[in-house]
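J.: fold the following, please.
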Amino acid sequence: MSSRAGYGVEASERLLDLAHIASAVGHHLINSYSSVVSNAEMLRSSPGPAAPTAAATALAGSIVATALDASRVARSLIAWTRDATRPETQDGARSLNVDLHEVIQRVVEIERAAAPADLEWALELGKTPGILANPDHLEAMLRALTHNAVEALGGPGGLVTFRAGVDSAGWLYVEIADNGRGMTPDVLNRATEPFFTTKPGRAGVGLTIAQGIWRRHQGTLAIESRPGQGTTVRLAHPPPNPPNRGDSRRL
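T.: Got it, this is the predicted structure:
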């Protein structure tokens with residue numbers, strides 16, 4: 001590949017990352033503005049002795065109007081990302097029937113070479129079906145999650161474990177687990193928040209991008225973590241033809 005072509009691919013990937021970040025930021029802002037509007041509406045409609053003064057009612061109305069206007073801007077930001085963040089299955093030119101085992105093994109090989117020599121790796125890979133996906137994006141997602149797991153270890157005796165299989169409901173799953181320091185509930189609640197990080201000098205967008213990539217593949221991402229007990233990131237993907245499309249299963 002020529003340097004010019006390589007630059008084009010890199011620029012395209014950066015734009016895709018930017019789209020995922022922008023979409024995540026837009027949704028986060030909309031949720032925040034919804035809370036502002038709800039509280040302001042409650043304030044200006046309080047009955048009886050708690051009823052606000054005319055000035056306070058006018059101020060609450062101004063808060064509602066400003067929040068709704070900002071929410072419209074956030075929705076425009078999400079609309080701008082829609083083409084880039086649409087489901088991978090809608091783009092056959094980039095989607096292939098991918099063997100997850102091959103992607104996981106390639107990621108482990110790459111990350112192991114850069115990780116401390118005393119770090120241990122475990123692969124517990126059960127039988128999995130192929131998944132319609134963009135293999136490059138899946139690799140980027142798994143590398144970001146693996147890098148986070150390695151960084152969470154911070155000492156000898158570190159272990160990163162990959163698990164994959166199909167659960168009793170037919171959902172394909174991949175888990176990346178570490179036995180590192182884990183997260184407090186406050187940190188865990190904000191882990192996927194754009195630009196949130198506990199690591200100095202980091203942008204705090206790796207997990208945001210990983211979640212965005214997996215959502216494009218119509219999957220869900222969940223995190224389980226406790227201080228001193230490590231962290232497990234679970235990626236789940238529904239069966240190709242779910243028997244009940246009304247199933248609202250959540251992880």
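J.: tally of neighbours for the closest residue to residue 150 other than its chain neighbours?
T.: Closest residue in space to residue 150, ignoring its immediate chain neighbours: residue 115 at 5.1 Å, by CB to CB, 6 or more residues apart in numbering. No exception for glycine: its C-beta is placed from N, CA and C like everyone else's. Here the count is done by other CB atoms under 10 Å, and residue 115 has 20 residues near it.
J.: quick one, helices of this protein?
T.: Along the chain, counting by DSSP state H, helices occupy 3-44, 54-81, 100-114, 135-151, 185-189, 206-216.
J.: what are the ranges of the strands in the stretch 151-251 of the chain?
T.: Assigned by DSSP state E, counting those that start in this stretch, the stretch 151-251 of the chain shows strands spanning 159-166, 172-178, 220-225, 231-237.
J.: nearest residue to the residue sitting nearest the centre point of the chain other than its sequence neighbours?
T.: Nearest to the mean C-alpha position of the chain, counting by CA atoms, centre = their mean, stands residue 211 at 2.0 Å. The shortest distance from residue 211 to any non-neighbouring residue, by CB to CB, 6+ apart, is to residue 221 (4.9 Å).
J.: and residue 100, by the same measure?
T.: Closest to residue 100 by CB to CB, 6+ apart is residue 128, at 5.2 Å.
J.: quick check: phi and psi at that neighbour.
T.: Taking degrees, to the nearest 10, you get phi -130, psi 150 for the backbone angles of residue 128.
J.: which pLDDT value belongs to it?
T.: Among the per-residue scores, residue 128 shows a pLDDT of 91.
J.: now for it, how many residues are close by?
T.: 17.
J.: repeat for residue 73
T.: Residue 73 has 12 nearby residues by other CB under 10 Å.
J.: and for residue 129?
T.: Should you count by other CB under 10 Å, residue 129 turns out to have 13 residues around it.
J.: again with residue 105
T.: 14.
J.: the residue nearest to residue 100 and residue 166 touch, don't they?
T.: Yes - in this structure, residue 128 is within contact of residue 166 by CB atoms under 8 Å, at 6.3 Å.
J.: can you list residues touching both of those two?
T.: residue 172 (CB atoms under 8 Å, 6 or more residues apart in numbering).
J.: just the mean pLDDT for stretch 29-41, thanks.
T.: 86.
J.: next, the buried residues of it.
T.: 29-30, 33, 36-37, 40 (16 or more other CB atoms under 10 Å).
J.: hang on, the earlier thing: show me what contacts the residue nearest to the centre of the chain?
T.: Applying CB under 8 Å, 6+ apart, the residues near residue 211 are 20, 24, 192, 221.
J.: looking at it now. What's its pLDDT?
T.: 83.
J.: circling back to that earlier point, which among the strands of the stretch 151-251 of the chain is found nearest to residue 99?
T.: strand 159-166 (10.6 Å; CB to CB).
J.: give me the below-cutoff pLDDT ranges for the stretch 1-150 of the chain.
T.: 1-17, 80-95 (pLDDT under 70).
J.: if we use 50, what do you get?
T.: Across the stretch 1-150 of the chain, the ranges flagged by pLDDT under 50 are 1-9, 11, 90-93.
J.: got a list of what residue 208 touches?
T.: Counted by CB under 8 Å, 6+ apart, residue 208 has contacts 20-21, 24, 192-195.
J.: now which of the residues you listed would you call buried?
T.: 20-21, 24, 192, 194.
J.: format those residues as JSON lines; extra columns: distance to residue 108.
T.: JSON lines is the format used below for the buried ones among the contacts of residue 208 (distance: CB to CB, whole Å):
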{"residue": "20", "distance to residue 108": "24"}
{"residue": "21", "distance to residue 108": "26"}
{"residue": "24", "distance to residue 108": "27"}
{"residue": "192", "distance to residue 108": "23"}
{"residue": "194", "distance to residue 108": "28"}
